[in-house]
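# turn this into a model:
(2 chains)
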Amino acid sequence: MTDQKPLLQLIHVQQLYTSGRRQFVAVQDVNLTINEGEFVALLGPSGCGKSTLLRIITGLRRPSEGRVLYRGIPLEGVNPYATIVFQTFALFPWLTVQENVELALRARGVPAEERKPRALDLIDRVGLDGFETAYPRELSGGMRQKVGFARAMAVEPELLCLDEPFSALDVLSAESLRGELLELWLSGKIPTRAILMVTHNIEEAILMADRLIIMDKDPGRIVAEMPIALFHPRQRKSPEFQDLVDQVYALLAGQTQPEPIELGSAPGEPGRTRALPQITINDLAGFLEYLNEQPNYRADIFHLPEDLGVDSDHILRLTETAELLGFATIEKGDIQLTPLGETFAQASILARKEIFATRIRRLPLMRWLLNLLRRAEENTLDWEVVRTALELEFPPDEAERQLDILIDWGRYAELLAYDDNRGLLTLEPASVPERAM
Amino acid sequence: MANLRDLLLPKPREERLFTLGDAIVLVLIAVLLYAGVVLAVKAPPSVKGPSISLEPGALPWYTLLSVGRMAAAYALSLLFTLLYGRAAAYNKRAERLLMPLLDVLQSVPILSFLPVVLLSLSAILPEALAAELASIVLIFTSQVWNMTFGWYQSLTTIPKELNEASKIFRLNTWLRFRFLELPFGMITLIWNSMMSWAGGWFFLMAAEIFTVGERDFRLPGLGSYLQEAANQGNLQAILWGLITLILTIVVLDQLIWRPLLAWSDRFKLEMVESDNPPTSWFFDLLNSARLTNWFHDHVLSPLTERIDLWMVRRYPMRDHEGQVAQPFTPTILLGILLVGGLLYGGFRTGQMLLSLPVDQWLAIGIGVGATLIRVLIALLIALVWTIPVGVAIGTQPRLATLLQPIVQIAASVPATAIFPVILLFFLALPGGLNLAAILLMLMGTQWYLLFNIIAGASAIPQDLKFTSALLRLTSWQRWRTLILPAIFPYLVTGAITASGGAWNASIVAEYVTFGGATHSTVGIGALIAQATVHGDYALLLAATLSMVLTVVLINRLWWRRLYLIAEEKYRME
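Below is the predicted model:
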């Protein structure tokens, strides 16, 4: 499997979308080649456009710019040689296991006498014999995804695309399904020429893929490519494996930058406004308390998902928040609590609120909102008005999410109040006298 | 019952209360009406109705006729629904006109069109055929809108992954319809069909007993049987008629709708087994029968298999994404024609309306006011009894099992069927027709309220009930802080449908020919009926349009706002 014939190529692919007068970049200038015989993992935090990219690759979506070539020929419409295994399985709930698998064949005009044995054989091969007449709702998550695989295999795809196929499964079924897929792929028993897997699970990507494509958000783009030269079966606990995991975390978590760069600019000012990570105060406090108990107030980021029992996406958002508020610094895949972070972790409830308030006041986005409220009549603004203002900087969904985070954080810090009934944001009296900065 | 509201009522899609689309739609309706009125002028001056036999032996035949009319209208509605809903859901440009059109059409009081439809049809067709067609068209217009809305909404809420899967696995339009759209929309479609049939009975009865002055457009059927019986004061025949009617409705429910509901449970999207799926003895019977299984295996399966294969080969999947814009000229030409027609029609309509003297406009104003008061009184009476009763049934399961079937049967009897009987008793009283009109509105509308309130009350979470008991709230406090807010969204939903129904009923209720004499009272419904009788077509047009406009405005300015508030504030998630 060493021949390097390109199966699929993306050339300067961009995905833009417009909202009002603004244009937002979902995927920026992506160049990517998937070769025959390759298992490629597309890795990145949520919102980095990796699912969008998968849809462009399969032809479900047409890119705003750039070209998609399949075997050197521009792709028109949905790629007939590709198929997807979906995160949420996308099985038709009103069809039995067998009917679900058969549907893919029926759509290609395969007559019943040929279709039925093929479907039964596939169901048998994924280990679901005996469940042919079961409905998806009678199956466990792992078994449903097996049906998803059987259905995908039924059309004998050249390019098998996996859209976070294991993330909706429990740990054990995910692990066993990964093993089974790898075995099928490595044994060469299936006609599939290449696999593309989208995931945010770093270990999973390193466990399975020959090559990692690492993406980052704001805007969605490829930041690194990394070949994985380990032999199968790969050992998660081996030093080489751990080393790779550490490297990827270091890439994704980044380095703490000087403050102006880290914080970004306020809406309306030149430069990027930094989107706040969606994290609740409770999670943040718990996270800082955990770091506070570590030797030297320091932890290896790649150990965190396992130790804290949350997924890597969530961990990356937590480290980002801690870094943004100056509670921690990040360097080479390690996170280090700052003295301020220590103080916060040990402080009483009231003292925490005060520390938090002084920190979020430094965020350009929060500063902008507080200034807006200060200048408003009776220090009160309509939720809708603020959201519209934010839409100049963010896409509509994101604007709403950012405003919710601002309200959540601002309420906790007692900087502002929000009346959900009337949809009104008000400055808390304590923060009124401060002069506009 | 709890999710009935979600199934039946469209979510408010846009915040703006009146759009350009609405204006165009209103003009369109005005022009259509104008065309109808112009035709109506040519209608024959007198029409002889059929003689209705009061023999109980005639009832099966009459029942068959009535059910046949309903079935024809329903088939038409289904076809329209599938096509229109699809066009609106998949074509962004069409959606912008089709959806406001649907929205206005469903709030238009359909009965106000009956005279126009009848007269214009009878101008071009033989009377018997015209009356049949008019009744089918009328029933169609009473059945179709909620079905179309439901279908459209199903299509637009198909989960993204299922959509993508259907593309990735290359389902063509036919397979997509058969394996994705139809199963996904099935439950909504069946619930809406049931509602439509209930509404259809109401209009069928009205259409069967319609007379305009010298013109007797009655149709042989259950409705006209009941009317004739009341006319002659034949209590025995009335009883026979009512029993037949109730029996028919119950049989249809047991043999068609219940089995369909039980069958459609498999189309639930939830990935968990439902707690108490709908059951049907008839469905179980069919399911266990050898014959039906044989039919499925040897006739149905091979047939659908053939159709599928043929369709896949004949019409392979086309990508919507990859398509180039459609050829332009025909669309533009059609648009120009439509706009031209609208402008001309609008102009003529305006001319006709302007020719109407001021005092008649005044009469229309008074009529609208009077009918509005009647609608409000009917609504108020309905609220007064349905809130306590509905809450009682909804919160006490034991009471529910006892009363639910009784209520359902009572609700299934179309108010228009009993109207002649009511007249029999009320016309003797002073202000009798006034009372009878309000009563008819009440009977036609209270059930919507009751069912919605029951649904709302039974959806109150148990923990909230416990909390209010723990807090030792007084019964008034409990009503104010828990029960009323909890049922408010359901109340609004019910009231919207109820008020629409009440306006509709006014046309039949305010002007009646009974026992050889004509009775009428002040109201817009009476005005419409009168104008039809006297051939005053300018008045007919103006009155009908006024009624349409009033109802649409009330819906937009009052009900929709309440609905938005209910959705935002009092919705329990």
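# outline the domain layout of chain A.
With domains defined by automatic domain parsing, chain A comprises A:6-252, A:277-357, A:363-431.
# for those, which one sits closest to chain B?
Minimum separation from chain B across the domains of chain A (C-beta to the nearest C-beta) falls at domain A:6-252, 3.2 Å. Every C-beta, even on glycine, is put in place using the N, C-alpha and C of the backbone.
# ends of the closest one, how far apart?
Chord length of domain A:6-252, first to last residue, is 27 Å (C-alpha to C-alpha, to the nearest Å).
# roughly how far apart are the most centrally placed residue in chain B and chain A?
In chain B, the centroid-proximal residue (C-alpha atoms, centre = their mean) is B:Ser142; its distance is 4.1 Å. Distance of B:Ser142 to chain A, given as C-beta to the nearest C-beta, to the nearest Å: 30 Å.
# and B:Tyr570, by the same measure?
11 Å.
# got the contact list for the nearest residue to that residue once chain neighbours are set aside?
Leaving aside its sequence neighbours, B:Tyr570 sits nearest to B:Phe488 (C-beta to C-beta, 6 or more residues apart in numbering or on different chains; 4.5 Å). By C-beta atoms under 8 Å, 6 or more residues apart in numbering or on different chains, the contact set of B:Phe488 is B:456, B:566, B:570.
# which non-adjacent residue is nearest B:Leu175?
Nearest non-adjacent residue to B:Leu175, counting by C-beta to C-beta, 6+ apart: A:Ala107, 5.5 Å away.
# which pLDDT value belongs to the one you found?
Note on A:Ala107: pLDDT of 90.
# could you do the one 10 residues further on as well?
On the pLDDT scale, A:Pro117 is placed at 93.
# A helix includes the residue nearest to the centre of chain B, no?
Yes. Under DSSP: H, G, I helix; E, B strand; the rest coil, B:Ser142 falls within a helix.
# what sits against it?
Going by C-beta under 8 Å, 6+ apart, B:Ser142 touches B:110, B:196, B:199-200, B:202-203.
# which strand or helix spans A:Gly410?
Element membership for A:Gly410, per DSSP states H and E: helix A:396-412.
# next secondary structure after that helix?
For helix A:396-412, the following helix or strand on the C-terminal side (DSSP H and E) is strand A:416-419.
# export the helix or strand following that following strand as CSV, just CAs?
For strand A:416-419, the following helix or strand on the C-terminal side (DSSP H and E) is strand A:424-427. Only the C-alpha atoms of strand A:424-427 are listed here, as CSV (Å, rounded to 0.1, in the frame of the first residue of the first chain):
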residue,chain,number,x,y,z
LEU,A,424,-33.0,43.5,29.1
LEU,A,425,-29.3,43.8,30.1
THR,A,426,-28.5,46.2,32.9
LEU,A,427,-25.3,47.4,34.4
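# and strand A:424-427, what does it pack onto?
Here strand A:424-427 touches helix A:364-375, strand A:380-382, helix A:383-390, strand A:416-419, going by 3 or more C-beta pairs under 8 Å, 6 or more residues apart in numbering or on different chains; DSSP states H and E.
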